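1. Any chance you could fold what I've pasted below:
(2 chains)
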Amino acid sequence: MEKEILAEIKDLSVTYPTRIGSVSAVDHVNFNIYKGEILGLVGESGCGKSTLGKALLRMIDPPGEISNGKIVFRGENIMEYDYNHLRDFRGRHVSMIFQDPMTSLNPVQRVDEHLIETIQVHEPQTKEDSALQRSKVMIERLGIGIERLYSYPHQLSGGMRQRVMTGIGLILNADLIIADEATTSLDVIVEAKLADQLREIRDEFGVSLLLITHNIALVAEMADRIAVMYAGHLVEIGDIYKIFEEPKHPYTQGLLASVPNIRFDTNEHLYKMPGEPPNLTHPPLGCRFHPRCPHAMPICSQREPLLVEIEEGWSVHCWLYQEQSS
Amino acid sequence: MSSSLKKFLVTRILLTIPMVLIMITLVFFIMRVLPGDPIRSQLGPRVSEEQADRLRERLGLNDPILVQYGNYLKDMLTFNFGNALTRGERPIREELGEKLPATLELSIPAMLIAVALGIGLGAFSAKNRKKPVDYGIRLFSIFIYSIPIFFLGLIFQIIFGVRLNLLPLSGRMDPILLTTFESKTNFYIIDSILSQNWAALKSTLLHLILPSLTLGLSLTGVFIRLTRVNMIEMIKSDFITAGRARGISETQLIYKHSLRNTFIPILTMIGLQMALLIAGAVLTETTFSWPGMGRYLVDRIALRDYTAVQSTIGVFAFFVAIISLVMDILYALVDPRIRY
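-> Numbers count the residues shown, from 1 in each chain, chains lettered A, B, ... in the order given. Below is the predicted model of the structure:
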């Protein structure tokens, strides 16, 4: 089946100037997001996955900036949008759920006010009562009691707040929801429920989901495809089953081997990846992973590999899988 | 109104009573400890001790101090206040009835200026953080905060009153108009509107500009800095980022989402600044010959007019207590997280 492309991220770089030189938190990243898929974006803290998520909304805080590349969303390059166009794009086409549900709702606004405001920001002609009606439908759809509509954020539990955030994200029928560590601060049971619900929402609304997380288990549970980032580079992307079965990139291999297993009968020790992620003000030459890579070759420290497709829909950013002459 | 709020209010009001009581007791004893007395300050050193003593006897100043204190408390609690000891021994109620409206007519606009200007400039400064306009506003806030209030008043008088000759220098109304002006409430604005005396209203408003601006500006600096600092914190918070991500404009994020969350510390500050406002009112009234409580207080302290001073400070204490009570109630209205 030919999958319909929702967003193309082309050669995207995000740089932050610092006193000791500029840092490229996201470095020439290329990938697509397909309609209706759940794409898991994983990597260690500081690998640039959250920055990438924010960049998709062009919400990089100054002095950081998108220094290269473009984001094509439904055929339109959003890098060309002016402020008002961009503002309308945020929330209407792409919405975002953040890590901390305790602080991502305005503490002095009720749930209904959040929802109605979001509708009216994008559809100024919508009357308050019809916006309220839609909010009610959405809230009920998400399994939150109608009476919660008139609650303030502090009166809701963490899981419920994340569902409210999800509802805000969905109220305008967004095409893509970026969940930036959205389940991280929840306890496992609530997390599982929210994950379930997100999947249901995908099935029902046909929305795409970009799941930014360091929780590999969650990605395994939910995602259709997985993208792995390391030090600002996208190192591997492809079908979740294939990559979990046989990860190609040495970093992905190490990452998957580091996931704890809940079975009691294993006596294996967890794999510990040697070394530390690099300092991005002075990233290693060539492949940024080579100082920690068990398969490092001479060329790895000299030239950066390309992200090459090793089979359909499966790309790896590693010298092991490409001709060194290329 | 929820029952918990009612309970809070009752406790809060009950707590206000000992507060005011301690205040007026302190004033009573401090006045007695001060050197000098109302008799000598009025009659001067040439009057014989016998005559002075007769006056003391008549005014009840020869009674044991505890009897005086008892009488004083009785007067205060019945809001009767007794008679002044100097300047014609008029009933204090009558005197304060003239002075209090004058002070309120000065301080309310001053507070409004301070709050509106302070919050407006502070928010604007936060929005344009690290731009030249931000530095300008911050410099202005420090300048205005550190300049002595009477000095600011004098500068205004020189510029607008003397040099430009735009605004009157002192008083509450043109003296010629005042001779025919009939005042019922002693709030000149209200009186002139009620009697449809537009010339008087215009004169009152013109007279109000410089003093209220002086008093208001002296408090503006605090509000600018407080609003700015809190707004900058607020702008960094997650719900602002989340709001931006759902397409809310920067202007709305600043002036609606951040500002409302900033009101809580601002309300606290308004309550605290009331005390400063009163201190400022004393200086402003003196500078602009404004016939209010402040000038009255300064005058009567010099005369050691015990009852007048005690009553004036009692009224001030009462107002400060009321304002802080109102602020506590407003917190709950602004911030749904606060429940009493």
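
2. Could you use CA atoms for every contact and neighbour count after this?
-> Fine.

3. Okay, buried residues for stretch B:92-111 please.
-> By neighbour count with 16 or more other Cα atoms under 10 Å in any protein chain shown, stretch B:92-111 contains the buried residues B:92-93, B:95-96, B:98-107, B:109-111.

4. which residues of the chain score low on pLDDT?
-> Answering for chain A, as no chain was given. When the per-residue scores of chain A are filtered using pLDDT under 70, the ranges that remain are A:1-2, A:262-268, A:324-326.

5. oops, chain B please
-> B:1-3, B:339-340.

6. Give the next helix or strand downstream of whichever strand or helix holds B:M23.
-> Using DSSP states H and E, B:M23 sits within helix B:3-33. Per DSSP H and E, helix B:3-33 leads on to helix B:38-43 as the next helix or strand towards the C-terminus.

7. Please save the CA atoms from that next one in CSV.
-> Presented in CSV, the C-alpha positions along helix B:38-43 are these (Å, rounded to 0.1, in the frame of the first residue of the first chain):
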residue,chain,number,x,y,z
PRO,B,38,-0.5,70.5,73.6
ILE,B,39,-0.8,73.3,76.2
ARG,B,40,2.7,74.7,76.0
SER,B,41,2.9,74.3,72.3
GLN,B,42,-0.2,76.5,72.0
LEU,B,43,0.2,79.0,74.7
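
8. for it, packing partners?
-> Taking 3 or more Cα pairs under 8 Å, 6 or more residues apart in numbering or on different chains; DSSP states H and E as contact, the helices and strands that helix B:38-43 lies on are helix B:49-59.

9. Contacts for the next helix or strand after the helix it packs on, please.
-> The first helix or strand that comes after helix B:49-59 along the chain, using DSSP H and E, is helix B:65-77. Judged by Cα atoms under 8 Å, 6 or more residues apart in numbering or on different chains, the contacts made with helix B:65-77 from elsewhere in the structure are B:28, B:60-61, B:81-82, B:307, B:311, B:314.

10. Can you name the residues of the stretch 201-340 of chain B sitting close to chain A?
-> With Cα under 8 Å from any Cα of the partner chain as the criterion, the stretch 201-340 of chain B comes near chain A at residues B:237-242, B:244-249, B:257, B:260-261, B:334-337.

11. returning to that earlier point: mind giving me the PyMOL command for buried ones among the contacts of helix B:65-77?
-> Applying 16+ other Cα under 10 Å to the contacts of helix B:65-77, the buried members can be selected in PyMOL as follows:
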select buried, chain B and resi 28+61+81+82+307+311+314
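
12. wait, which of the contacts of helix B:65-77 is closest to chain A?
-> B:G314 (37.4 Å; Cα to the nearest Cα).

13. the strands in the stretch 1-150 of chain A, which residues?
-> With DSSP state E, counting those that start in this stretch applied, the stretch 1-150 of chain A shows strands at A:5-18, A:21-34, A:38-42, A:65-73, A:76-77, A:94-97, listed in chain order.

14. picking up where we left off before, from the middle of its chain, how far away would the helix holding B:M23 be?
-> For helix B:3-33, the distance from its own C-alpha centre to the chain's C-alpha centre is 19 Å (Cα atoms, centre = their mean, to the nearest Å).
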